[in-house]
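> after the sequence you'll find the predicted model.
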Amino acid sequence: MLKSGGVVIHIPKNIRKKINFLVGDSDQIFDTPKVVYDEVRVNFLSDLSIALLKHQDIRKHSDAATFAFWCRRSNLNKIITNLNSNYLRLGLGMVYHNSPSNVPVNFAFSMAFGILSGNTGVVRLSSKESESSSFIVNTLSTLLDTKEYKEINKFIYIIKFDRDDEVNKFWMSVSDARVIWGGDETVAQMRSYPCKARSREIVFPDRYSLCVINAIDVIDLKQSNLNKLCENLFNDIYIMDQNACTSPQLFNWIGDISSIKKAKDRLWSAFSLYVDLNHSLEPIQYMNKYVDACRNALSHDNIKSIKHENNLLFNIELSYFHKNQISQRGYFGTIHEVSLKDLDELSGVINGRCQTLTYFGFGIEDLSNFVVSNQLRGIDRIVPIGSSMDMDVMWDGYDIINHLSRSIDIY
């Protein structure tokens, strides 16, 4: 029986026939706020983690494994302890999620954020096929069919549909919040549809990420620590082949000229060997990377040199920052790098499109002072090299759980 606080969203027949429900097949959606971090929902995500990790195919899907590790009970409990308990917190109702194509597994994180914040989630998958997405959806569907979690079936819907203004307009008109992952055009398009007066919005448009490295600290590294740095750098660059917004595009070496040269020679030599042992690319990816590097060299006069001992790693050295530096991007292991005397020289590049700054050899105080003293309008995450892909409830400057729920004062 639907309680008085609940609402049922009826899907019109002309809309319903255009939608393929992968999870939660229904002609109506239960739009019922629940308490934030509801115990049943936390249990569900914890059991989803267990089901994913024990699956024999989990080794084939490193991105799905990352999601599974994130929703382990120990990590969820750590997140819950950060909740401000001074308020009663409930969800908003129904949250619509438009998932990205460049990082397919983000649909699962978005779904998890929505249900943890006490909402019904309608999650649209990208039309681009993904083995990892299918793996998670199938595991999710199996768990929802168990007696223990039948009730959650009413609150999780995974859908697909072709681009269609009528369908998008419907979802925007009935949702209490929308979470939009995609390029700038996608964000602008979704914002053009009318929505509820009090609906909330979180958008994750196209972003640009950077890395800063202290040259002296690389020179002083023990070999075992250098190997670990290579492993961490590999995770940032090659797990998503620099397709994710969090993937570093511009590498900034900090130090004097002599130290930077020694550090670069040491790191890139070791890193090239590590990549050669742990990664491979399809021929089309090799070709696309080579063509992009050539086009880059012809189009930008700040390119000093392009080096590649093999096709897995391209090092593009810049003599200075281009006026539109964030347009110089690379994929599949393309490193744009520049030498700087100090962190402050980097401030002129950073704008509101900059998302993640990974670092090595700097203290938290140094990085905090860099942001504050330069009054930066960009950079929402500053994390050590190797952590660029680590998803959290704080993302792109949003406290997602709080943004997708409401606080109720009780005196």
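Looks like it arrived, so ask away. No experiment lies behind these values; they were computed from the predicted model shown.
> for the rest of this, base every contact and every neighbour count on C-alpha atoms.
Fine.
> helices along the stretch 201-350 of the chain, start to end?
For the stretch 201-350 of the chain, the helices defined by DSSP state H, counting those that start in this stretch cover 215-219, 223-238, 257-278, 283-299.
> please enumerate the strands of the stretch 251-400 of the chain.
Secondary structure of the stretch 251-400 of the chain by DSSP state E, counting those that start in this stretch: the strands cover 303-307, 314-318, 334-340, 354-360, 381-384, 394-395, 398-399.
> tell me where the model's unsure across the protein.
1-6, 83-86 (pLDDT under 70).
> if you set the cut-off to 50 instead, what comes out?
Scanning the chain for pLDDT under 50 picks out 1, 4.
> show the subsequent helix or strand relative to whichever strand or helix holds residue 135.
Taking DSSP states H and E as the definition, residue 135 sits inside helix 131-144. Scanning forward in sequence from helix 131-144 by DSSP H and E, the next helix or strand is strand 156-160.
> make sure residue 397 is actually in contact with residue 377.
No. The criterion here is C-alpha atoms under 8 Å, and residue 397 misses it with residue 377 at 11.4 Å.
> out of the strands of the stretch 251-400 of the chain, the one nearest residue 75 is which?
Residue 75 lies closest, by C-alpha to C-alpha, to one member of the strands of the stretch 251-400 of the chain: strand 394-395, at 13.9 Å.
> direction included, what does that closest one pair up with?
For strand 394-395, the paired strands and their directions (DSSP bridges) read strand 398-399 (antiparallel).
> contacts for the partner strand, please.
With contacts defined as C-alpha atoms under 8 Å, 6 or more residues apart in numbering, strand 398-399 is touched by 202, 393.
> residues touching the nearest residue to residue 320 once chain neighbours are set aside, list them.
Nearest non-adjacent residue to residue 320, counting by C-alpha to C-alpha, 6 or more residues apart in numbering: residue 302, 5.7 Å away. Residues counted as contacts of residue 302 (C-alpha under 8 Å, 6+ apart) are 318, 319, 320, 321, 322.
> mind running it again at 10 Å?
296, 317, 318, 319, 320, 321, 322, 325 (C-alpha atoms under 10 Å, 6 or more residues apart in numbering).
> try residue 285
241, 291, 311, 312, 331, 332.
> can we see that at 8 Å?
residue 332.
> do the same with residue 159
Residue 159 neighbours (C-alpha under 8 Å, 6+ apart): 19, 20, 21, 22, 23, 122, 123, 124, 125.
> now a PyMOL select for only the buried ones of these.
In PyMOL syntax, the buried subset of those is picked out as below (16 or more other C-alpha atoms under 10 Å):
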select buried, resi 21+22+23+122+123+124+125
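> closest one to residue 105 out of the contacts of residue 159, please.
Distances from residue 105 to those, taken by C-alpha to C-alpha, are shortest for residue 125, at 9.7 Å.
> ok, the closest one touching residue 162?
No. Counting by C-alpha under 8 Å, residue 125 stays clear of residue 162, with 10.3 Å between them.
> that older thread, going through the contacts of residue 302, which ones are buried?
Listed as buried from the contacts of residue 302 are 296, 317, 318, 321, 325; burial here means 16+ other C-alpha under 10 Å.
> and of these, the nearest to residue 46?
Distances from residue 46 to the buried ones among the contacts of residue 302, taken by C-alpha to C-alpha, are shortest for residue 325, at 42.0 Å.
> on that earlier part again, mind putting the strands of the stretch 251-400 of the chain into JSON lines with distance to residue 200?
Listed next are the strands of the stretch 251-400 of the chain as JSON lines, based on distance: least, C-alpha to C-alpha, whole Å:
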{"stretch": "strand 303-307", "distance to residue 200": "43"}
{"stretch": "strand 314-318", "distance to residue 200": "41"}
{"stretch": "strand 334-340", "distance to residue 200": "37"}
{"stretch": "strand 354-360", "distance to residue 200": "21"}
{"stretch": "strand 381-384", "distance to residue 200": "22"}
{"stretch": "strand 394-395", "distance to residue 200": "16"}
{"stretch": "strand 398-399", "distance to residue 200": "12"}
